[in-house]
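1. Can you look at this prediction? I've put the sequence above it.
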Amino acid sequence: MSAMFRSLRIFNYRLWTIGAIVSNTGAWMQRTAQDWIVLTELTDHDAAALGFTMALQFGPLLLLMPVAGIIADRFDRRIVLLWTQFSQFVLALGLGLLVISGHAQLWHVYVFALLLGIATAIDAPARQAFVSELVSDKDLPNAVALNSMSFQSARLIGPAIAGVLVAVIGSGPVFLVNAASFAGVLASLWFIRRSQLYPVAKLGRAKGQIRDGLRYVRNRPDILIVLVMVFLVGTFGFNFPVFISTMATAEFGKGAAEFGLLSSMMAVGAIVGSLMAARRERARLGVVIIGSAFFGFACLLAALAPSYWTFGAALTIVGVFSLTMMTTANAYVQTSTTPIMRGRVMALYLAIFAGGTPIGAPIVGWAANELGARWALGIGALSGLLAAAAAVAWLVYSRGMRVGRVPERRFRLRLRFPPEPTPDEARELATQEIAIVETTTRRIS
């Protein structure tokens, strides 16, 4: 058990985790309240409007990816995070005051979602890369997994509290609680012991740095296939506000409290998935593929659920495999990327993960409106299965993976992966990566 939580022995990481779970709890409360007022107070259960809100909130992550990655690699990530977290505090406070005063309209929510998306776009790659400065490379996979666990713990607590508060006192106070919760992460960033950080070399000003990041990824086909999988699942599968809200209201006729409970039930599974990832010594591509396939099957199970409670149980399974896949994918990309490239590569990763939402959320919202919530969930199921199939096809094509029959069991199949590279092959791969990094270093100097 101690190995599972080994990163928490480090003071800076422990402080960061405490602040993050407080802030993330407030953020999930706001997301639940925002989804609810768009769906029930500002529209008449319009899933497309909810999808458009999500598109505005996540679209900037795609558009600002190149700039955000450079900011994460060039500037002090702690200072960047102080500014972005403070900006999100101001936005939560402003929207909360609008809702409480009774002046909130749908276009107000659109504007605040867009501004929050801009702040989040700059915040996300810096926040992801900052974790690597809190712990050593040896502890990084564990730290990434625990980071996801703290995020999902907040997802467990936040929607449940928000559902109760919305039902009892209305949506407005929920936004103010989120504003107050930013004190946690701001305090942790302020009191972190800078002498105990693991800083990386900062990028100087030079031309072509964005292209260098793209070139690095282009020369890493293993990272490319992970990004393809993340795009498919993140774009069409991770539209849980649309799935859960429309299933809760349109299919099962439930209210705000039950809506929040469903999100918490999924978060229980997500915490289990994060803990499973935290136990692993290293992130493996095979785990990403298996997690994607089982995510697809779990979404299909949820789409076929006959009742509210069976749907909630299926969401728990969805939570397990969604976090198994995404946490392992995140850790794989971070740990296999050269530190000086990490900010730009993580910006690309996050842009592909969340930036696909402006494409997927309106499509899924339209499907929920026109075809029904169960068909929308079917799109999510298909995304996970297609992502796994694409990765397996790449392995067959590029690495010589074969499907073989186990002799003693006539109809059982197994996947045989090619052997590990020889020392000469490993040195050749390392030489290629060093050449890419040296090109970047020359540009910096």
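-> Now that the structure is in, tell me what you want to look at. What you are looking at is a predicted structure, and each value in this text was computed from that prediction instead of being measured.

2. what's the nearest residue to Trp190 if we skip its chain neighbours?
-> Nearest non-adjacent residue to Trp190, counting by CB to CB, 6 or more residues apart in numbering: Leu82, 7.4 Å away. The C-beta positions use only the backbone N, C-alpha and C, and glycine is treated the same way.

3. Can you name the next helix or strand after the helix or strand encompassing the one you found?
-> Using DSSP states H and E, the element containing Leu82 is helix 77-101. Counting by DSSP H and E, the next helix or strand C-terminal to helix 77-101 is helix 106-134.

4. which helices and strands does that next one pack with?
-> In terms of contacts (3 or more CB pairs under 8 Å, 6 or more residues apart in numbering; DSSP states H and E), helix 106-134 is packed against helix 11-36, helix 47-63, helix 65-74, helix 77-101, helix 140-169, helix 308-335, helix 342-355.

5. Just say which of the ones you listed is most tucked in.
-> Using mean count of other CB atoms under 10 Å, the stretch among the helices and strands packed on helix 106-134 with the largest mean neighbour count is helix 342-355, at a mean of 26.

6. what packs against it?
-> Secondary elements touching helix 342-355 (3+ CB pairs under 8 Å, 6+ apart): helix 47-63, helix 65-74, helix 106-134, helix 209-218, helix 221-236, helix 308-335.

7. Take those and write them to JSON lines, including distance to Met265.
-> Below are those laid out as JSON lines (distance: least, CB to CB, whole Å):
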{"stretch": "helix 47-63", "distance to Met265": "20"}
{"stretch": "helix 65-74", "distance to Met265": "33"}
{"stretch": "helix 106-134", "distance to Met265": "25"}
{"stretch": "helix 209-218", "distance to Met265": "36"}
{"stretch": "helix 221-236", "distance to Met265": "20"}
{"stretch": "helix 308-335", "distance to Met265": "4"}
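
8. For the ones you listed, give me a markdown table that also has mean pLDDT and distance to Ala145.
-> Output for the helices and strands packed on helix 342-355, formatted as a markdown table (pLDDT from 0 to 100; distance: least, CB to CB, whole Å):
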| stretch | mean pLDDT | distance to Ala145 |
| --- | --- | --- |
| helix 47-63 | 79 | 22 |
| helix 65-74 | 77 | 21 |
| helix 106-134 | 85 | 11 |
| helix 209-218 | 75 | 23 |
| helix 221-236 | 88 | 16 |
| helix 308-335 | 86 | 5 |
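
9. And those: which comes nearest Gly96?
-> helix 106-134 (9.9 Å; CB to CB).

10. how far off helix 342-355 does the closest one point, in degrees?
-> Counting by axes from the mean of the first three to the mean of the last three CA atoms, to 10 degrees, helix 106-134 points 150 degrees away from the direction of helix 342-355.

11. For helix 106-134, what is the distance to the chain centroid?
-> Relative to its chain's centre, helix 106-134 lies at 12 Å (CA atoms, centre = their mean, to the nearest Å).

12. what's the answer for stretch 255-269, then?
-> 18 Å.

13. Start at 26, not 1
-> Renumbered: residue one is now 26, and that last one reads stretch 280-294.

14. For that stretch, list the C-alpha coordinates in CSV.
-> Output of stretch 280-294 as CSV, limited to C-alpha atoms (Å, rounded to 0.1, in the frame of the first residue of the first chain):
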residue,chain,number,x,y,z
GLY,A,280,-33.9,15.8,-10.7
ALA,A,281,-30.7,17.7,-9.7
ALA,A,282,-29.8,15.5,-6.7
GLU,A,283,-30.0,12.3,-8.7
PHE,A,284,-28.0,13.9,-11.5
GLY,A,285,-25.2,14.7,-9.1
LEU,A,286,-25.3,11.2,-7.6
LEU,A,287,-24.8,9.6,-11.0
SER,A,288,-21.6,11.7,-11.5
SER,A,289,-20.4,10.6,-8.1
MET,A,290,-21.1,7.0,-8.9
MET,A,291,-19.0,7.3,-12.0
ALA,A,292,-16.3,9.0,-10.0
VAL,A,293,-16.1,6.0,-7.6
GLY,A,294,-15.1,3.8,-10.5
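
15. I appreciate the help and will end here.
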